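K.L.:
Generate coordinates for the sequence data below:
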Amino acid sequence: PTGLAFPHRNTGLPPNEPAIFTGTCVLLSVHRVDKELSRHGYVFNPLFFAYAEDLELSLRILRDKGKIYISPDLLVTHFGSQTAKRGSFFQLYHGYRNLTLIILLLWSRKDILIRLPLILTGQAYIIAMSVYKGYLLLYPKIVWWIYKNHEAIAWQRNQYAQR
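P.N.:
You can find the predicted model right below:
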């Protein structure tokens, strides 16, 4: 509801809660890959350089009435990220920008309006964390990137809405 992804549990999901995949090893069927390529020309959205690209794909799969299965068994071990240092400007910029981008791409205007107080709380959290970490230009840089890419974002939003 805030537009941010927070740590979740590792126990089973209630039956009414949809499964999504984030920060995980993802195996996609050939059918899903072909479907994403034919519909969008990509599997992982190229606007997402790092962070939340898996969340965005899982939300598109759910929107398409696709199935996501989470294995309760440990299949792979992740020994750490090679993308960026935890809490770095790079990680927070791409992570927060991409979570905001998911709202802009995939949430209906109605959902955005209904959740606006929670979204603003999430955005306040981003600003507060940026100030706390001393990254004063992080949030303005996110806003600037979204402004510079607003045409591509609007185009993708319209493409997703038609599917």
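
K.L.:
Number of residues surrounding Phe74?
P.N.:
Slight slip there: residue 74 is Leu, not Phe. By other Cβ atoms under 10 Å, 6 other residues sit near Leu74. Any C-beta I mention is one placed from the backbone N, CA and C, and that applies to glycine too.

K.L.:
quick one: the residue nearest in space to the middle of the chain and Ile112, what's the gap?
P.N.:
Centroid-nearest residue in the chain: Ala52, 3.5 Å away (criterion: Cα atoms, centre = their mean). Distance of Ala52 to Ile112, computed by Cβ to Cβ, to the nearest Å: 17 Å.

K.L.:
Quick check: the residue nearest to the centre of the chain touching Tyr96?
P.N.:
No. When contacts are counted by Cβ atoms under 8 Å, Ala52 is not listed as touching Tyr96 (9.1 Å).

K.L.:
So for these two, which residues contact both of them?
P.N.:
Residues touching both Ala52 and Tyr96 by Cβ atoms under 8 Å, 6 or more residues apart in numbering: none at all.
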